[in-house]
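K.L.:
pasting the sequence and the predicted model now:
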Amino acid sequence: MYRILGSDGNEYGPVSVEQLEQWVRERRVNGETRVQGPDGTWRLLREVPELAGLLQPPVPVQPSAPEPPSLAAPGAEPFVRSEFDGDYDLDLGDCLSSAWTALWAKLDVIFGPTILYLLIALAIGFFSGLPYIWLMFTLNLVIGGPLAAGIQVVYLRAIRGEKPTLGSLFDGFRQRFVHLLLGSLAVGILSSLPLLPGLVLSVVSLGLGFFTGLLQGSVTWPAIGILLPGISLFVLGIPIAIYLGLIWMFTLPLILDQRMGFWEAMKRSSRQVRRHGWSCLALLIVLGILNFAGILCCLVGGIVTWPLSMLASMVAYEMVIFGRKTG
């Protein structure tokens, strides 16, 4: 297997010889493309003996259906799906330090999309408290996934050295909208299922308690003993819900960045996160504490901690999904 270095400075792969041969025919790589072989050395493709034979005059191929629009900026390397499916080193310190460096180095790139995203989120939150609560809940259900994926990939592209525009925030609506909608619904519903039995039992117990009191002519708040089984079951479901949310944490960026179907993205995220689940959980806990501290600072700190945590999660995405460092 080999890796290639694109003209945008990013690594792509690992890829097989057959895949490289196809890219040569499609003029996506050439003899000047830098290639890393199994020995870890970077060389020009024409200097690798086993690959030099691929640089024969390309055989005409039948035109194929056009690929979906690329997320890359104009002039960047064509889209290449990562085939990495192995172990990685998720270093919490590297995530945070790389995110801190990127925050100030790419501030001009992420500032506009971040402010626009926060304004949209605040608007939805504000109107959700008005009489149109169900309408806004439905709207949030529909646009939440694509919008979240859009801001995640904006940060991801900034880390990769690209310059996403303000409109890149809405890439999730122009590309992979259905899969992003299904992915956000699937992750939300399936992650909440472990809490459902306890919630249902608590509601039923509460209803029976009131009904029994009504029959006795005295409606009072049910004793805690009646609610205890439901509450206990609900509490037992919390670790399972957290685990499911954890293993599917990269579903949305995988759908948009790697153009995957929602179910394929969920499986890919789960498979990679489970390799170092405790490290991924530790990262989320640290980012949660960081954002909580930002909120305590009269919300002003959140202006820094929220983008910082988003960048850190996308640095982790690069490590977990691609197995590469960004710093």
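P.N.:
Received it, and whenever you're ready, just let me know what you need. Residues are numbered from 1 along each chain as shown.
K.L.:
point out where the stretch 1-150 of the chain drops to low pLDDT.
P.N.:
6-10, 26, 56-82, 127-137 (pLDDT under 70).
K.L.:
scratch that, the stretch 201-327 of the chain
P.N.:
Those would be 213-225, 298-301, 325-327, if you go by pLDDT under 70 across the stretch 201-327 of the chain.
K.L.:
in contact with the closest residue to S279 other than its chain neighbours, which residues?
P.N.:
With CB to CB, 6 or more residues apart in numbering as the criterion, S279 has its nearest non-adjacent residue at 4.4 Å, and that residue is L90. Placement of C-beta: from N, CA and C, glycine included. With contact set as CB atoms under 8 Å, 6 or more residues apart in numbering, L90 has these partners: H276, S279, C280, L283, A316, M319, V320.
K.L.:
the third one against S270, yeah?
P.N.:
No: applying CB atoms under 8 Å, one finds C280 not in contact with S270, separated by 11.1 Å.
K.L.:
out of those two, which sits in the busier spot?
P.N.:
Neighbour count, other CB atoms under 10 Å: between C280 and S270, C280 has more, with 23 against 17.
K.L.:
which residues touch the helix or strand I115 falls within?
P.N.:
According to DSSP states H and E, I115 maps onto helix 107-127. Helix 107-127 has contacts (CB under 8 Å, 6+ apart) with 103, 136, 139-140, 147, 150-151, 154-155, 158, 163-164, 166, 168-169, 306-307, 311.
K.L.:
next helix or strand past it?
P.N.:
helix 133-159.
K.L.:
so that next one versus helix 107-127, what angle?
P.N.:
Going by axes from the mean of the first three to the mean of the last three CA atoms, to 10 degrees, helix 133-159 is angled at 170 degrees with respect to helix 107-127.
K.L.:
elements contacting whichever helix or strand comes after helix 133-159?
P.N.:
Sequence-wise, the next helix or strand downstream of helix 133-159 (DSSP H and E) is helix 171-174. In terms of contacts (3 or more CB pairs under 8 Å, 6 or more residues apart in numbering; DSSP states H and E), helix 171-174 is packed against helix 133-159, helix 251-257.
K.L.:
buried set for the next helix or strand after helix 171-174?
P.N.:
Note on helix 171-174: by DSSP H and E, the next helix or strand toward the C-terminus is helix 177-192. Buried residues in helix 177-192, counted by 16 or more other CB atoms under 10 Å: F177, H179, L180, L181, L182, G183, S184, A186, V187, S191.
K.L.:
can you tell me what sits against helix 177-192?
P.N.:
By CB under 8 Å, 6+ apart, helix 177-192 touches 141-142, 144-146, 148-149, 172, 241, 244-245, 248, 251-252, 255-256, 260-263, 265-266.
K.L.:
hmm, back to that, now, which of the contacts of L90 sits nearest R34?
P.N.:
Taking CB to CB as the measure, R34 lies nearest M319 of the contacts of L90, at 21.7 Å.
K.L.:
correct me, but that closest one touches L92?
P.N.:
No: the pair M319 and L92 does not pass the contact test of CB under 8 Å, sitting 10.5 Å apart.
K.L.:
give me the element L90 is part of.
P.N.:
Applying DSSP H and E, one finds L90 in no helix or strand.
K.L.:
can you check A102 too?
P.N.:
Judged by DSSP H and E, A102 forms part of helix 92-105.
K.L.:
kindly confirm my reading that Y12 is in a helix.
P.N.:
No: counting by DSSP: H, G, I helix; E, B strand; the rest coil, Y12 is not part of a helix but strand.
K.L.:
who does it form a beta bridge with?
P.N.:
I4 (DSSP bridges).
K.L.:
neighbours of it, just the number please.
P.N.:
23.
K.L.:
in this structure it contacts Y2, no?
P.N.:
No: between Y12 and Y2 no contact is recorded; they are 9.8 Å apart, counting by CB under 8 Å.
K.L.:
can you list the helices and strands packed on helix 171-174 in JSON lines and add distance to F211 and mean neighbour count?
P.N.:
Formatted as JSON lines, the helices and strands packed on helix 171-174 follow (distance: least, CB to CB, whole Å; neighbours: other CB atoms under 10 Å):
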{"stretch": "helix 133-159", "distance to F211": "28", "mean neighbour count": "20"}
{"stretch": "helix 251-257", "distance to F211": "42", "mean neighbour count": "27"}
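K.L.:
hang on, the earlier thing: between M319 and L92, who's got more neighbours?
P.N.:
M319 (24 against 16).
K.L.:
could you look up the SS state of the more buried one?
P.N.:
With three-state DSSP as the basis, M319 sits in helix.
K.L.:
so how far is stretch 168-178 from its chain's centroid?
P.N.:
14 Å (CA atoms, centre = their mean, to the nearest Å).
K.L.:
buried set for it?
P.N.:
So for stretch 168-178, counting by 16+ other CB under 10 Å, buried means S168, L169, F170, D171, G172, Q175, R176, F177.
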